[in-house]
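A.B. asks: model the structure of this input:
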Amino acid sequence: MTARIDHATTSGTFSLDGQTFDVDNNVWIVGDDEECFVIDAPHDAGAIRDLVGTRTVRAILATHAHDDHVRVAPELADALRAPVLLHPDDMVLWRMTHPQRDPDGALADGQRLTIAGTEVEVLHTPGHAPGAVCFHVPELRAVFTGDTLFAGGPGATGRSYSDFPTIIDSIRDRLLSLPGETTVHPGHGDTTTIAAEKPHLQEWIDRGH
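C.D. replies: Now for the predicted structure:
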């Protein structure tokens, strides 16, 4: 069976630099009826388990370690007997939320994971967070961008451990070079496409300055 994408939205909070905000987060699942990857683990482990159903979760893949993306990752990992994988550059953020438990494995730029016979490529895209990654699935014409790229522009870079020029470089070099028909599945909000976002790069640069 060909891999597919399933989706749910969960609600909770995001906290950093002494401030807390209400947020809605996307949860993405890639796989078939037998096995899957979970991309990000925000807010509500029960909702994610409902989306998974009876499938075997091969890994919980973190786009980055802000608390609204990994808050229930250890709980979910224990319940599903699945490893949490995170880029090591985001350990400083991970430990703010989970100081007593490390992720189970590391993600690396260029790494290729396979689920349901479908290849998932890890793209290191720092800027919003030092260890931010995106997951490109060519066969599904999809990329899961976390908080690096949204419908309408880059993720926020106004808080600790983020940097605007770096996120622009990541988007230009790693994401806008993907095929235009690639659907962008972000960590928050609606989907878009690479073709829809690519013409606006200079606007984002000008706005960021």
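A.B. asks: okay, CA-based contacts and neighbour counts for the rest of this
C.D. replies: Will do.
A.B. asks: residue ranges with poor pLDDT in this protein?
C.D. replies: Residues of the chain meeting the criterion pLDDT under 70: 1, 209.
A.B. asks: quick one: residue 152 and residue 197 touch, right?
C.D. replies: Yes - applying CA atoms under 8 Å, one finds residue 152 in contact with residue 197, separated by 6.8 Å.
A.B. asks: who has more neighbours, the two?
C.D. replies: Under the criterion of other CA atoms under 10 Å, the comparison of residue 152 against residue 197 puts residue 197 first, with 19 against 13.
A.B. asks: that one: what secondary structure?
C.D. replies: Recorded secondary structure, residue 197: helix (DSSP: H, G, I helix; E, B strand; the rest coil).
A.B. asks: now it: how far from residue 164?
C.D. replies: As judged by CA to CA, to the nearest Å, residue 197 and residue 164 stand 17 Å apart.
A.B. asks: just the endpoints, please. Distance across stretch 115-133?
C.D. replies: End-to-end distance of stretch 115-133 (CA to CA): 18 Å.
A.B. asks: so which bits of that stretch are buried?
C.D. replies: 115-116, 118-133 (16 or more other CA atoms under 10 Å).
A.B. asks: can you tell me which of those residues are in helices?
C.D. replies: When DSSP state H is applied, the buried residues of stretch 115-133 are split such that none fall in helices.
A.B. asks: among those residues, which are in strands?
C.D. replies: Members of these lying in strands (criterion: DSSP state E): 115, 118-124, 133.
A.B. asks: for those residues, give me a markdown table that also has distance to residue 67.
C.D. replies: Shown next, in a markdown table, are those (distance: CA to CA, whole Å):
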| residue | distance to residue 67 |
| --- | --- |
| 115 | 26 |
| 118 | 29 |
| 119 | 27 |
| 120 | 24 |
| 121 | 24 |
| 122 | 21 |
| 123 | 21 |
| 124 | 19 |
| 133 | 15 |
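A.B. asks: please, which helix or strand holds residue 165?
C.D. replies: With elements taken from DSSP states H and E, the one containing residue 165 is helix 164-170.
A.B. asks: then residue 202?
C.D. replies: Using DSSP H and E, residue 202 maps to helix 201-208.
A.B. asks: how far does that helix sit from the chain's center?
C.D. replies: Helix 201-208 sits 23 Å away from the centroid of its parent chain (CA atoms, centre = their mean, to the nearest Å).
A.B. asks: and for stretch 68-88?
C.D. replies: Counting by CA atoms, centre = their mean, stretch 68-88 is centred 13 Å from the centre of its parent chain.
A.B. asks: distance between the ends of it?
C.D. replies: 18 Å.
A.B. asks: show me what counts as buried in that stretch.
C.D. replies: Of all the residues in stretch 68-88, those buried under the rule 16+ other CA under 10 Å are 68-74, 76-77, 80, 82-88.
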